[in-house]
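[1] Build the 3D model from these lines:
(chains A and B)
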Amino acid sequence: MTRILIPSGALGLGYDADALARGVAAKPDLIAIDGGSTDSGPSYLGRGVSKYSRAGTKAEWKGLIVARAEAGCPLVIGTAGTCGADSTVEWLYEITVEALAELGLSAKIAVVKSEQPKERVGSALTVGGVTPLPHAPEISADLIESTTHIVALAGAEQIAEALRTGADIVIAGRTTDTAIIAALPLMRGDHAGAAWHAAKIGECGALCATNPQSGVIQIDIDAEGFTVTPLADGAHCTPHTVSAHMLYENSDPFILYEPGGHLDVTAAKYTALDDTSVRVTGSVWVPSDRYTVKLEGARVAGYQTLLLATVRDRRYVENIRAWVDDIARRHAQRVANRMGLGPEEYSCELRIVGVEATLGALETRCEAPAEAGVMGIITAPTQERANEIGKLLNPFLLHHPLTREEEQPTFAFPFSPAEIDRGAIYEFCLNHVMELDNPMDAFSLEVRDA
Amino acid sequence: MPELGSIVEKVRSKNAGPFWLTVDIFCGSPEAYARIVNGLSTDRVARLFKVEEATLKRFDIADLNVVKFSLPRPAIQGTAHDRDMHGAGWAPLLAELEIN
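    Purely as a prediction, here's the structure:
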């Protein structure tokens, strides 16, 4: 049996300290926490930076370093620093060294890196070693060359390699959400289907329980199945909350692809052991012939300038669509006249906050709000150009009249300057897998004493 | 006609990775589940989301009283024209759909 303690769905979200202490007292074999995902968008991978604050990350990580020392088991983080690039692995390593020094502790740290040199991915592409997943964008050697960061998602094999060094703390770059939880039970010969299924259920912390904000979860994996127990006061797992978690952020609720195979939970049985814990059996791991790892890549997709104006005048709010359409037309003409740019050379979107900003053309409700915001989003090949186009939009949002026969209106700008330069924007450009002969071929492992 | 959201317990939408979107309807009871399975056609959801019906994957999961739809994201997450980084805004659209 292997007992894994999961403090929360991600480092940076906070965890319940009392529940964590309960988990430590129950003598876990490993403490696992996820450090990120693609869910906050491509900018973090594009720039190789963390989404969460350094101060918040350090405070939470320090608490886990102490918990690890008390429990005397390894502490593993996957996808360190949101995107799991080499730069964010080093960022968390530096935080770890600082935290250890402040605590007067020392530790053996295994560092797993997942970032891929463009040449490796380019060569693999040339020999047919890179395969698209469903709905993947077209890729080419030039596209690979244009990326700012590419990472491969490590699986259980690479985490197992790190654990075999006897490390106290494993800091891993991009991994699958599940690998950090599944690796140890798999190494110890527990049921493979149970190990992966437990990992998927546990990877978001207490999201599989009745009180999702409570964070801390304990999972026991054995030869036949696994048992999941939330540790916060008042949190419960039920067969429904646990089985429903397979739906979460998963396009297929029964199948989960991992490096080296897939998990199939079609035949899984969920049983309540008591008010709090749920037992799961019947999950199946299906090994694959090829060992593949998923790739994520990001590249610059232009530069953006934003403007935001708010409109409170009732007549303008009631006619906001017509007003915005008229501005879009006139602004495009002005950009053409003043800058000589056609519509294919930049994009300017005017989204109406309060009316259709979230859903655009899909919006089905049509009642007029008290006020509306007009968010101008300009994307162009350079920041300078985006800013210039934004400056040409500014007078329209400030003063454009609905009809010619009225006094010049003025609308609310919340900021000066009205143009907000966002810098580079990024896009995800890979949804592919890369075949490896050996799981460690695309990953590096290093042990450091701190 | 009542809105779907008033019949079921919860509607949730979320990214399933940067290239896919998934929408879960938690019906809450076998009765509500039957009503949604029979009253909500895949074609109607496709029209609501303005996508080809063939691109929608549908899962009717009786054990959970859940109906789930997955679809390729019309705008890849985080691209210039994406309006909703986490994909959560699609749920209210479905929740406000009228059901017989």
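
[2] residues contacting A:Val300?
    Neighbour list for A:Val300: A:Gly46, A:Ser146, A:Thr148, A:Ala424, A:Ile425, A:Tyr426 [criterion: CB atoms under 8 Å, 6 or more residues apart in numbering or on different chains]. Yep, even glycine has a C-beta here, placed from its N, CA and C like the rest.

[3] What about it? Give its phi and psi, please.
    phi -70, psi 130 (degrees, to the nearest 10).

[4] Identify the bridge partners of it.
    Bridge pairing for A:Val300 (DSSP bridges) gives the partners A:Tyr426.

[5] Format the contacts of A:Val300 as TSV; extra columns: pLDDT.
    Output for the contacts of A:Val300, formatted as TSV (pLDDT from 0 to 100):
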residue	pLDDT
A:Gly46	98
A:Ser146	97
A:Thr148	98
A:Ala424	98
A:Ile425	97
A:Tyr426	98
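
[6] Just the buried ones among those residues, please.
    A:Gly46, A:Thr148, A:Ile425, A:Tyr426 (16 or more other CB atoms under 10 Å in any protein chain shown).

[7] Enumerate every residue touching the closest residue to chain B within the stretch 101-250 of chain A.
    Distance from chain B to each residue of the stretch 101-250 of chain A (CB to the nearest CB) is smallest for A:His135, at 4.0 Å. For A:His135, the contact set (CB under 8 Å, 6+ apart) comprises A:Asn431, B:Phe19, B:Trp20, B:Pro72, B:Arg73.

[8] mind redoing it with 6 Å?
    Shown in contact with A:His135 (CB atoms under 6 Å, 6 or more residues apart in numbering or on different chains): B:Phe19, B:Pro72.

[9] That one and A:Asn431: what is the separation?
    7 Å (CB to CB, to the nearest Å).

[10] what sits in contact with each of the two?
    B:Phe19.

[11] And B:Val51, its phi and psi?
    Per degrees, to the nearest 10, the backbone of B:Val51 is at phi -130, psi 160.

[12] in stretch B:50-58, what counts as buried?
    In stretch B:50-58, counting by 16+ other CB under 10 Å, buried: B:Val51, B:Leu56, B:Lys57, B:Arg58.

[13] Check stretch A:131-141 too.
    Buried, per 16+ other CB under 10 Å, within stretch A:131-141: A:Leu133, A:His135, A:Ala136, A:Ile139.

[14] mind giving me a markdown table with those residues and columns for distance to A:Val89?
    Formatted as a markdown table, the buried residues of stretch A:131-141 follow (distance: CB to CB, whole Å):
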| residue | distance to A:Val89 |
| --- | --- |
| A:Leu133 | 25 |
| A:His135 | 29 |
| A:Ala136 | 26 |
| A:Ile139 | 25 |
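
[15] just curious, which of those is nearest to B:Cys27?
    Here the nearest of those to B:Cys27, counting by CB to CB, is A:His135; it sits at 27.5 Å.

[16] Using PDB, write out every CA atom in stretch B:69-86.
    Output in PDB follows, covering the C-alpha atoms of stretch B:69-86 (Å, rounded to 0.1, in the frame of the first residue of the first chain):
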ATOM      1  CA  PHE B  69     -20.400  17.600 -24.400                       C
ATOM      2  CA  SER B  70     -16.800  18.100 -25.700                       C
ATOM      3  CA  LEU B  71     -15.800  20.100 -28.700                       C
ATOM      4  CA  PRO B  72     -12.700  21.600 -30.300                       C
ATOM      5  CA  ARG B  73     -12.300  25.100 -29.100                       C
ATOM      6  CA  PRO B  74     -13.600  27.500 -31.800                       C
ATOM      7  CA  ALA B  75     -10.700  29.800 -30.800                       C
ATOM      8  CA  ILE B  76      -7.700  28.100 -29.400                       C
ATOM      9  CA  GLN B  77      -7.200  29.100 -25.800                       C
ATOM     10  CA  GLY B  78      -5.400  32.400 -25.500                       C
ATOM     11  CA  THR B  79      -5.300  33.400 -29.200                       C
ATOM     12  CA  ALA B  80      -6.100  37.000 -30.000                       C
ATOM     13  CA  HIS B  81      -9.800  36.200 -30.700                       C
ATOM     14  CA  ASP B  82     -10.400  34.000 -27.700                       C
ATOM     15  CA  ARG B  83     -12.800  35.700 -25.300                       C
ATOM     16  CA  ASP B  84     -12.600  33.300 -22.400                       C
ATOM     17  CA  MET B  85      -9.300  31.900 -21.200                       C
ATOM     18  CA  HIS B  86     -10.800  29.200 -19.000                       C
END
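
[17] Is chain A within reach of it?
    Yes. Stretch B:69-86 comes into contact with chain A (CB under 6 Å from any CB of the partner chain), by way of B:Ser70, B:Pro72, B:Gly78, B:Thr79, B:Ala80, B:Arg83, B:Asp84, B:Met85.

[18] And those residues, which two are furthest apart?
    Taking CB to CB, no two of these sit farther apart than B:Ser70 and B:Ala80, at 23.8 Å.
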